[in-house]
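Enquirer: Next input, structure requested:
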Amino acid sequence: MIPIIIAAHGKLAGELFNSAQMIFGKQDNVNTISFIQGENTEDLKSKYRESLKKFTDSKEILIIVDLFGGSPYNAAFEIAVTNKNIDILSGASLPMLLEIFAMRDNLNIKNEDIITSINSSKESYIRSYKALEKNVEEEL
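Expert: This next block holds a predicted model:
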């Protein structure tokens, strides 16, 4: 099972994780990191290092962050650059977490497989009602 660290601004990481567990069930090997106002990248890097200590036996670790280029991403990037077994996925959302939880129990799954799947399926859960309505009208 690939361990996951979810990091985001404010309390988003913890709430996304709680919501995902409500739907998918209890999940092991998941840590959350909150980036609180007044903290900086060094604070986040320290939180990442502490969280990573729980996963020292893991071949790969996936860090999921809310925003590409935001402080949680930047701090994770600085950690991942020196750790080949860590990858970062930005754009954290509830559908994304559910999809990852469904895949990560597979013993042969790798970070690369998860990211490929997320990139190919993102269209399935990012939708506009108006666009769907238009597609239906065009098909009729």
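Enquirer: and stretch 51-63, which residues are buried?
Expert: 51-52, 55, 60-63 (16 or more other C-beta atoms under 10 Å). (Glycine included, C-beta is placed from N, CA and C.)
Enquirer: mind checking the end-to-end distance for that stretch?
Expert: 11 Å (C-alpha to C-alpha, to the nearest Å).
Enquirer: nearest residue to Ile36 other than its sequence neighbours?
Expert: Gly10 (7.2 Å; C-beta to C-beta, 6 or more residues apart in numbering).
Enquirer: Repeat that for Lys11.
Expert: That would be Ser34: by C-beta to C-beta, 6+ apart, it lies 5.6 Å from Lys11.
Enquirer: That neighbour: which element?
Expert: According to DSSP states H and E, Ser34 maps onto strand 30-35.
Enquirer: returning to what we had before: tell me who's in contact with the residue nearest to Lys11.
Expert: 7-8, 10-14 (C-beta atoms under 8 Å, 6 or more residues apart in numbering).
Enquirer: and the gap between His9 and Asp66?
Expert: 6 Å (C-beta to C-beta, to the nearest Å).
Enquirer: the more surrounded of those two?
Expert: Asp66 (21 against 16; other C-beta atoms under 10 Å).
Enquirer: mind saving the C-alpha coords of the lengthiest helix in the chain as CSV?
Expert: The residue-count maximum for a helix in the chain (DSSP state H) belongs to helix 111-125. Output in CSV follows, covering the C-alpha atoms of helix 111-125 (Å, rounded to 0.1, in the frame of the first residue of the first chain):
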residue,chain,number,x,y,z
ASN,A,111,3.1,6.3,-8.0
GLU,A,112,3.4,6.6,-11.7
ASP,A,113,0.4,4.3,-12.2
ILE,A,114,-1.7,6.4,-9.8
ILE,A,115,-0.7,9.7,-11.5
THR,A,116,-1.4,8.3,-15.0
SER,A,117,-4.8,7.2,-13.9
ILE,A,118,-5.7,10.5,-12.2
ASN,A,119,-4.6,12.4,-15.3
SER,A,120,-6.7,10.3,-17.6
SER,A,121,-9.8,10.3,-15.5
LYS,A,122,-9.9,13.9,-14.3
GLU,A,123,-12.4,14.7,-17.0
SER,A,124,-14.9,12.2,-15.4
TYR,A,125,-15.3,14.3,-12.3
